[in-house]
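Chemist: Pasting the sequence and the predicted coordinates here, then a few questions.
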Amino acid sequence: MKTILAGKTVALLFLILTILAGLSPAVQARRIMEYTDNEYNYTFKFPSDWVERDVVEQSESGDIRILLQGPRANSIMVLVNSLGPGREISKDHFESIPNRNTFVEQMINYTVNQIYRSTSLKMNASRMIVVEKQIRPSETGIRFYISTLHFVNDVPLGLAGIHTIPFGEDHIIGFVMSSILDSQTMDDNETFKQIFNSFRLINERTEAPSSFFGGMLDTMASWFPFMGDLGWKYRAAHPISRSLYLWLPMVVLLFLAVRYGKIVMRKHHWRFRKLH
């Protein structure tokens, strides 16, 4: 019972610390700006300390409408890619397609290869992981969400985006964010969620959040064991220290399991008997 209570206490403490990090004064003090593109009719919000950069070279994946650079390696990029003349899709036409989810999944796979995999190659990443792919509901267009993880010199970099094909238009708009995944990024999690979820077409109402640094970072933290500063310390540590880091928690858990098992056995008066 004590072990269970201790586990719940640790989980509650972690939750409180996460909430406090999201409400840090540094995050709240940032002034929020809004960017609107009247040619392609989309808008999003961003912190005032993010700087617009000149685009020296256009991407092969489409026209870069804006590039914003935040602290460290954080960035926002909006890509617009033409689908070709006569390839507009009306809302009625899209909703009449019986296997429309299959069509959108094909668009998702194409976008993964066209944008995320090609970007991973340009960054010389050792590997790329597609963390999540979602078809998002929208009244104004075909929308989907992609999040990926890239390892550049063993540094984890998150790259994700919301991609929208407006009904009746012959282009696709990609709102893509990137950031190094470490403890400092975790501290700015709420800011990143606000930025990412602010993207929308001008003529649509605010819809359900698409997550990115909400869902993506939370997912990373749950299954990527050496996130952030702890990861760098782990890789720089002595091999003996690494072994202790890996095996000591398992030994402790095994010890607690045995202790708990003995308590249960005493409670139910269970005993091991030798077989004759």
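Modeler: Now that the structure is in, tell me what you want to look at.

Chemist: Assumed residue 157 was part of a strand.
Modeler: Yes. The secondary structure assignment for residue 157 places it in a strand, going by DSSP: H, G, I helix; E, B strand; the rest coil.

Chemist: Could you pull out the strands in the stretch 51-200 of the chain for me?
Modeler: If DSSP state E, counting those that start in this stretch is used as the criterion, the strands of the stretch 51-200 of the chain fall at 51-52, 63-69, 75-82, 127-136, 141-152, 155-166, 171-180, 200-201.

Chemist: Dump those strands into TSV; add mean neighbour count, mean pLDDT and distance to residue 99 as well.
Modeler: C-beta: built from backbone N, CA, C; applies to glycine. As requested, the strands of the stretch 51-200 of the chain are arranged in TSV below (neighbours: other C-beta atoms under 10 Å; pLDDT from 0 to 100; distance: least, C-beta to C-beta, whole Å):
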stretch	mean neighbour count	mean pLDDT	distance to residue 99
strand 51-52	11	90	41
strand 63-69	17	91	30
strand 75-82	19	92	23
strand 127-136	15	89	13
strand 141-152	21	91	14
strand 155-166	23	90	17
strand 171-180	22	91	20
strand 200-201	20	92	25
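
Chemist: mind putting those in JSON lines, distance to residue 115 included?
Modeler: Listed next are these as JSON lines, based on distance: least, C-beta to C-beta, whole Å:
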{"stretch": "strand 51-52", "distance to residue 115": "21"}
{"stretch": "strand 63-69", "distance to residue 115": "11"}
{"stretch": "strand 75-82", "distance to residue 115": "7"}
{"stretch": "strand 127-136", "distance to residue 115": "11"}
{"stretch": "strand 141-152", "distance to residue 115": "8"}
{"stretch": "strand 155-166", "distance to residue 115": "7"}
{"stretch": "strand 171-180", "distance to residue 115": "6"}
{"stretch": "strand 200-201", "distance to residue 115": "19"}
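
Chemist: wait, which of those is closest to residue 35?
Modeler: Residue 35 lies closest to strand 63-69 among those, at 6.5 Å (C-beta to C-beta).
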